[in-house]
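Q: only the shape, not the letters, is given here:
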C-alpha cells in the first residue's frame, strides 16, 4: 500500500526552509518505520505530501507518531484514468462501508485531466451505489458514516478512507537543542515531549537525589524516559543523570531549612546549564507551572531564573493540572508518572514561597554551592539509552 | 434558581490557601454577575461548592466564564425529604427529557439521611417513568440522552440536568501580577489569557510602533483587549501603550539593518520590565513560540532573555499554531486578531535568525538604546479601559 502523509505547519515556511524540513521529516519517517520493523518501503516527497510506498496500511500508525505529521492516510494508488479511479473508489467502499450506512465521496483533482473533482464524486458515488446495491448503503453528504477520499495528482490517483491524526509539531531536531529537567513525575515528561514536538532535540537530565530519594524514583524516571524514546527518530536517545547527593548534603548544612527547596532547584538549574553548555544546548526546559504547588510563585520563578543565564522554557506554565494530565495520557506517560513514589526526604516542613534573591545568593556563597554544582555537572552520566 | 459551582484545582490546596482562594472566587463570581446585570442574588461557600442563590438559570453562563470555575449547574433547591426530592427529580425530568429519550438519574447523598444515593436513583427513576408514561421515555444508564442529577447535602437537595463547563484555572489575581506584551496578533492575547486563567493579574502592554505601523494595528489591539476584558473580574482592566516611535527611529540609525527586529524586541522587553517594576509586576508574558516564524529560534530567545532580569513566561512555547488558533477561537479573540493589518514598515528584508549577544549589546551601546527605552517606559499611558 501507499501511505500519504500531510504536514501543514511546514508548508507555511519559505521554500528553502520548507525543503530542509520536508527532507528531515521524510528521513525521520523512514527511520521510525525501520525501527518499527518495516522493510522494503520507499519515502518520497511530492506535491506537498510525503508518500511512503510499499508499507502495509497499519504502518500508518507509526507514521502518525512522527513529530511534524498532521495525518497519515493508508491509500491505494491507481492510474488516473476515470474508469480506473471510479472502480478504485468502489473497491475501497466495499472494504469500508458497512451495510445500511450513509457515505460520501470527496475528490480533489490537481493537474490536467479530462474530469474534475465533481465528476469523480458523482461517478464514484454512483459506482458505489451500484456495487453495494444489496447492502442498502445510501449517499449522505452532510453526516456520512464513511467517506471515500480521492486525490488525483498528475500521473497518480490515491484512494483512501482512513485519516489517522498525527502528533503535529515540527521535525525533531529542526529547532535546536535543549536540556530538559526530568524528574519522572507527571509534569516534566509532558514538558519535554512538548518541546520535542516543537522540533527541539531534547536531552533529558535526571537529577539523582539519592540517598534523599529511593530507587522507585529512579525506576519511574527510566520508564517515563522509555515512553518518550518511542517518539524520538534518532539512533541514540539518552537519559542523563546528575548525582545530586553531595549538593543536597551541602544544602542541608544551611542554617535555614525553609530555603532547602529553592537552593536545590537553583542548583539543578545551574547543573543543567553547565551540562547544556558542554552539549551545545541553548535552553533549559522545565515542567514548572504556576500555582499548582505552594512553591510555584512568580517570586520563586524570579529567584530560579536568576540562577542561570540561558532561557528557561516552561511549556506548562499556562496550563491547568487536568490539561497536563490529559496530555500525559495521550503521550503514554501518565500511568507510570502518576505513581506515588517515596518523596524527597530533604523537603523541609515549611518551604519558603517567597525567597529573596539577595538572601539566597548570600546563602549559596556561604555554602560554596557554585563549585559543588560545577563538580556535579562534570559527573553527569548516561543513566539509560534507547 | 440556585447555581451550583464546582472548582477542582482549588480543592487540592492546603486548608488555609483553599479558604483564601474560595473567598476570592466567590467574590469574583458575584462581581461578574453584577457586571452582567444580575441583581438580588447571594453567593455562599458550602461543602466544597460555591452556591449562587436567586439568579436565573441563564446566569450560569456568566459564572462558567469566571477563572477557577470547573462547572456551573443551574439547579432547583428543595428540602431533603425523600418524597420531595423524588418529586423534584420528576419535575426536572418533565422540563428536560424529550419524548422517546433514554435517561438516567444520578444521585449523591452526603450527611445523615433516611435514604442513600441508590434509593434516590431507583425511586427517582420510577417516578420519572410514571410521570412521563405517555412520552415513551426509558431508562438508559450507559448512554443516556439526558441525566437528572441530585445532590443532597445536609439540609438541602439540589436537582439539575445541565452542567456548563467552566474555563477552569485559578481565581484572577491570586498568583501575582505580570506585564504581558500585547500586539493584538493571534498569539499575544492567547498568551495573556492563559496566564490570566492561571491566576495572574495581567497588565497588557501594547508597543505602539506608530508611525511604522498604521492605525488598523492599534484598533485591532483595542478590540482584542475588549474581548479579554470580558474575562477579568476587576473594576478596571486597562490596556497600556508604550510610544515606541522614538526607539524605532533610533534603531533604524543602526548600520546593520538585519538586527532591527532583535533590537526592537529587546527594547520591548526592557520597556516592559521597567513598566513592570513600577507596577510591582514580577514577570513578563509573551506570545512567543518556537519555529513558527524564522526569528523564533533558541538563539534569538537567548539574546532576548538577556535584555531583562525578570522571568519571561511564554505559555505558547510548546504549542502548535493550530492549537493556538483553536484556543483563540474559544476565547473569542480569533476573528479580530487573525485580521491582516499593515505590517511594521521597519522590518528589514533579511532579519537575523542567529544574533550574537555581544554584537547586539555593542550595537545597543552605540545607539544608546537603554536611555531611550527608559524614557519610553516613563511615557507609558493608558490606551483603553474596560
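A: Sure, I can see it. Quick caveat, the model's predicted, so the values are computed rather than measured.

Q: now residue A:352. Nearest residue, chain neighbours left out?
A: In this structure, residue A:352 finds its nearest non-sequential neighbour in residue A:258, 4.5 Å apart by C-beta to C-beta, 6 or more residues apart in numbering or on different chains. No exception for glycine: its C-beta is placed from N, CA and C like everyone else's.

Q: for residue A:41, what are its contacts?
A: A:30, A:33, A:52, A:53, A:54, A:55, A:59 (C-beta atoms under 8 Å, 6 or more residues apart in numbering or on different chains).

Q: circling back to that earlier point, the residue nearest to residue A:352 against residue A:354, yeah?
A: No: contact criterion C-beta atoms under 8 Å: residue A:258 and residue A:354 do not qualify, at 10.5 Å.

Q: residues near whichever residue of the stretch 151-300 of chain A sits closest to chain B, how many?
A: Using C-beta to the nearest C-beta, the single residue of the stretch 151-300 of chain A nearest to chain B is residue A:194, 3.1 Å away. Neighbour count for residue A:194, taken as other C-beta atoms under 10 Å in any protein chain shown: 27.

Q: how far away is it from residue A:188?
A: If you measure residue A:194 against residue A:188 using C-beta to C-beta, to the nearest Å, the figure is 11 Å.

Q: next one: whichever helix or strand residue A:75 is part of to chain centre, how far?
A: Secondary structure assignment for residue A:75, by DSSP states H and E: strand A:71-78. Its chain's C-alpha centre and that of strand A:71-78 lie 23 Å apart, by C-alpha atoms, centre = their mean, to the nearest Å.

Q: which residues touch that strand?
A: For strand A:71-78, using C-beta under 8 Å, 6+ apart, the contacting residues are A:1-6, A:53, A:57-61, A:63-64, A:84-85, A:87-88, A:91-92, A:149, A:156-160, A:162-166.

Q: quick one: list the elements packing against the helix ranked longest in chain A.
A: Determined from DSSP state H, the single longest helix within chain A is helix A:15-35. Judged by 3 or more C-beta pairs under 8 Å, 6 or more residues apart in numbering or on different chains; DSSP states H and E, the packing partners of helix A:15-35 are strand A:42-46, strand A:49-53, helix A:60-64.

Q: now do the SS call for residue A:115.
A: coil (DSSP: H, G, I helix; E, B strand; the rest coil).

Q: distance of the closest residue to it other than its chain neighbours relative to residue A:345?
A: Spatial nearest neighbour of residue A:115, excluding adjacent residues (C-beta to C-beta, 6+ apart): residue A:82 at 5.2 Å. Going from residue A:82 to residue A:345 by C-beta to C-beta gives 74 Å.

Q: which of the two has more neighbours?
A: More crowded of residue A:82 and residue A:345, by other C-beta under 10 Å: residue A:82, with 16 against 12.

Q: which of the contacts of residue A:41 lies closest to residue A:223?
A: Of all these, the one with the least separation from residue A:223 (C-beta to C-beta) is residue A:33, at 24.8 Å.

Q: gap between the two ends of stretch A:137-150?
A: The straight-line separation of the ends of stretch A:137-150 (C-alpha to C-alpha, to the nearest Å) is 19 Å.

Q: now that stretch: mean pLDDT?
A: Taken as a whole, stretch A:137-150 carries a mean pLDDT of 95.

Q: run through who's touching that stretch.
A: By C-beta under 8 Å, 6+ apart, stretch A:137-150 touches A:73, A:85, A:88-89, A:92-93, A:96-108, A:120, A:124-125, A:128-129, A:157-161, A:163.

Q: try stretch A:350-363
A: Taking C-beta under 8 Å, 6+ apart as the rule, stretch A:350-363 contacts A:254, A:256, A:258-263, A:266, A:294-295, A:297, A:299-300, A:302-303, A:306.

Q: where do the helices sit along chain A?
A: A:15-35, A:60-64, A:82-96, A:117-131, A:187-197, A:215-229, A:245-251, A:260-278, A:298-305, A:321-331, A:334-337, A:357-367, A:369-378.

Q: what's the most buried one of those helices?
A: helix A:187-197 (a mean of 27; mean count of other C-beta atoms under 10 Å in any protein chain shown).

Q: what angle do that helix and helix A:215-229 make?
A: 20 degrees (axes from the mean of the first three to the mean of the last three C-alpha atoms, to 10 degrees).

Q: packing partners of helix A:187-197?
A: strand A:177-181, strand A:201-208, helix A:215-229, strand A:284-285, helix A:321-331.

Q: what would the ones you listed look like in TSV with mean pLDDT?
A: Output for the helices and strands packed on helix A:187-197, formatted as TSV (pLDDT from 0 to 100):
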stretch	mean pLDDT
strand A:177-181	98
strand A:201-208	97
helix A:215-229	93
strand A:284-285	98
helix A:321-331	95
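
Q: next, the distance between the ends of stretch A:336-356.
A: 36 Å.

Q: can you give the distance from it to the centre of its chain?
A: 27 Å.

Q: in it, what counts as buried?
A: A:336, A:337, A:341, A:344, A:346, A:351, A:352, A:353, A:355 (16 or more other C-beta atoms under 10 Å in any protein chain shown).

Q: so which of the residues you listed comes closest to chain B?
A: residue A:353 (9.8 Å).

Q: show the model's pLDDT score for that closest one.
A: At residue A:353, pLDDT is 75.

Q: show me what the helix or strand of chain A with the lowest mean pLDDT is in contact with.
A: Among the helical and strand segments of chain A, the one scoring lowest on mean pLDDT, DSSP states H and E is helix A:334-337, with a mean of 88. If you take C-beta under 8 Å, 6+ apart as the criterion, helix A:334-337 is touched by A:184, A:185, A:186, A:189, A:220, A:223, A:224, A:227, A:325, A:328.

Q: how many residues are close by the nearest residue to residue A:345 once chain neighbours are set aside?
A: Closest residue to residue A:345 apart from its sequence neighbours, by C-beta to C-beta, 6+ apart: residue A:212 at 4.7 Å. Around residue A:212 there are 20 other residues, counting by other C-beta under 10 Å.

Q: tell me the contacts of residue A:212?
A: A:245, A:248, A:344, A:345, A:346.

Q: mind doing that once more with 10 Å?
A: Going by C-beta atoms under 10 Å, 6 or more residues apart in numbering or on different chains, residue A:212 touches A:244-245, A:248-249, A:251-252, A:264, A:342-347.

Q: what's the answer for residue A:254, then?
A: Contacts of residue A:254 (C-beta under 10 Å, 6+ apart): A:260, A:263, A:363, A:364, A:366, A:367, A:369.

Q: dump those residues to TSV, plus pLDDT.
A: Supplementary listing: these in TSV, determined by pLDDT from 0 to 100:
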residue	pLDDT
A:260	91
A:263	94
A:363	94
A:364	96
A:366	95
A:367	95
A:369	96
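
Q: any idea how far the residue of chain A positioned farthest from its centre lies from chain B?
A: Counting by C-alpha atoms, centre = their mean, the extreme residue of chain A relative to its mean C-alpha position is residue A:134, 45.3 Å from that point. With distances taken as C-beta to the nearest C-beta, to the nearest Å, residue A:134 is found 31 Å from chain B.

Q: one more: residue A:64?
A: If you go by C-beta to the nearest C-beta, the gap between residue A:64 and chain B works out to 15 Å.

Q: before we move on, what about residue A:363?
A: With C-beta to the nearest C-beta as the criterion, residue A:363 and chain B are 19 Å apart.

Q: go on, residue A:302?
A: Counting by C-beta to the nearest C-beta, the gap from residue A:302 to chain B is 6 Å.

Q: where in chain A is pLDDT low?
A: Judged by pLDDT under 70, chain A has no weakly predicted residues.
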